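Chemist: structure for this input, please:
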Amino acid sequence: QVRLQESGPGLVKPSQTLSLTCTVSGGSITTKYYYWNWIRQPPGKGLEWMGAITNSGSTYYTPSLKSRTSISRDTSKNQFTLHLTSVTPEDTAVYYCVREWIATREYEYWGQGTQVTVSS
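Modeler: Now for the predicted structure:
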């Protein structure tokens, strides 16, 4: 069974950088045909795809966040990490890490989500 678990600070001050790590168990992040995504949901709004890192380490980002977002990985720990710079209160959201099967573009496995609040 594949499991994803987000970890990171629950509270971040404006202008700081938010870093969240997803630890994966039950499957390798280097396995072919899977992408590893970050998706967030602000309060009262829908899901927003932020970006993904592929099994080979390539990255893709949504255009509106591309200048502030990066995703890295540590294959030795089977983890991937989201970095979001210059955060504002509008970045307050529940953040999810998600495995995607690229054959069907299905989001197969989700972490439980972690609440991040941006506030001074």
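
Chemist: burial count for E90?
Modeler: E90 is flanked by 9 other residues according to other C-beta atoms under 10 Å. C-beta coordinates here come from the backbone N, C-alpha and C atoms, glycine included.

Chemist: helix or strand for the residue most central in space within the chain, just tell me which one.
Modeler: Centroid-nearest residue in the chain, with C-alpha atoms, centre = their mean: W38, separated by 2.6 Å. Element membership for W38, per DSSP states H and E: strand 34-41.

Chemist: in that strand, what's buried?
Modeler: Across strand 34-41, burial judged by 16 or more other C-beta atoms under 10 Å covers 34-40.

Chemist: go on, stretch 54-65?
Modeler: Within stretch 54-65, the residues scored as buried using 16+ other C-beta under 10 Å are 54-55, 59, 61, 65.

Chemist: centre of the chain to stretch 46-59, how far?
Modeler: In terms of C-alpha atoms, centre = their mean, to the nearest Å, the centre of stretch 46-59 is set 7 Å apart from its chain centre.

Chemist: my error: substitute stretch 55-66 in the last question.
Modeler: Averaging C-alpha positions (C-alpha atoms, centre = their mean) puts stretch 55-66 11 Å from its chain's average.

Chemist: what's next to that stretch, contact-wise?
Modeler: Stretch 55-66 has contacts (C-beta atoms under 8 Å, 6 or more residues apart in numbering) with 29-35, 48-54, 69-71, 73, 84.
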